[in-house]
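Participant: sequence plus predicted model, see below.
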Amino acid sequence: AQSVTQLDSQVPVFEEAPVELRCNYSSSVSVYLFWYVQYPNQGLQLLLKYLSGSTLVKGINGFEAEFNKSQTSFHLRKPSVHISDTAEYFCAVSWDGATNKLIFGTGTLLAVQP
Amino acid sequence: EAQVTQNPRYLITVTGKKLTVTCSQNMNHEYMSWYRQDPGLGLRQIYYSMNVEVTDKGDVPEGYKVSRKEKRNFPLILESPSPNQTSLYFCASRRRQEYTDTQYFGPGTRLTVL
């Protein structure tokens, strides 16, 4: 069965510092990976996704993620965060044959401090 | 503007009083889904629908019902709500054939069952 692990429930960081949000997955088949962001009192929106090809994926708002098949990871990074990046970030996985299934991690709250 | 709308956004009710949360999308998407979000558990799928009159259970369907009589609408029905259904609920939609495609989420409905 497929699963997603986000070990960090909360990541505090100062404004303009770099950040990495960790995501590891478990799967016996090839997967597709997503990062969604949830701003306070809003729904989720897609940050970026990896389907195939280049393992470095760039998304909106200056975020990027790298797919590492050997380490089964898809960590999200940003070189310099802003206060407005404060939100909850969810990693999710899908796969061929899943049709309707999108498995989410438990989320990481990124708390950017001035 | 492409969007998924949910109503109500906030609801406080009592145990056993039937309620319906509406969901509507204006993107002509075939696929729609309901999730619940709970602290430490991430998002879990309740029900999904591949098209009109086609629905199926997700991971946590107990205590919920859905219907899909029209393409744009996918209401979530709690016939006898219980306190363990207190949660944040999200509706989502995407094109049916593109399961790696972006899911668009509604703004969420925060339900409290007393």
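Facilitator: Happy to help now that I have it. Numbering: from 1, shown residues only, chains lettered A, B, ... in the order given.

Participant: how many residues are close by the one residue in chain A that gets nearest to chain B?
Facilitator: Chain A approaches chain B most closely through residue A:43 (3.7 Å), counting by Cβ to the nearest Cβ. In short, each C-beta sits where N, CA and C put it, glycine included. Look at residue A:43: counted by other Cβ atoms under 10 Å in any protein chain shown, it has 19 neighbours.

Participant: quick check, pLDDT for it.
Facilitator: If you check residue A:43, the pLDDT there is 88.

Participant: try residue A:97
Facilitator: 64.

Participant: same check on residue A:2?
Facilitator: For residue A:2, pLDDT reads 81.

Participant: and it, how far is that from residue A:101?
Facilitator: Noted for residue A:2: a distance of 8 Å to residue A:101, by Cβ to Cβ, to the nearest Å.

Participant: same thing with residue A:15?
Facilitator: Residue A:15 sits 37 Å away from residue A:101, going by Cβ to Cβ.

Participant: the residue nearest in space to the middle of chain B bridge partners, please.
Facilitator: In chain B, the residue lying closest to the centroid (Cα atoms, centre = their mean) is residue B:34, at 2.9 Å. Residue B:34 has the following beta-bridge partners by DSSP bridges: residue B:47, residue B:91.

Participant: ok, now which ones touch it?
Facilitator: Shown in contact with residue B:34 (Cβ atoms under 8 Å, 6 or more residues apart in numbering or on different chains): B:23, B:45-48, B:58, B:64, B:66, B:74, B:76, B:89-92.

Participant: low-confidence bits of the chain, can you list those?
Facilitator: Just so you know, I chose chain A. A:96-100 (pLDDT under 70).

Participant: please refer instead to chain B.
Facilitator: B:96-99.

Participant: who touches both of residue A:2 and residue A:101?
Facilitator: residue A:95.
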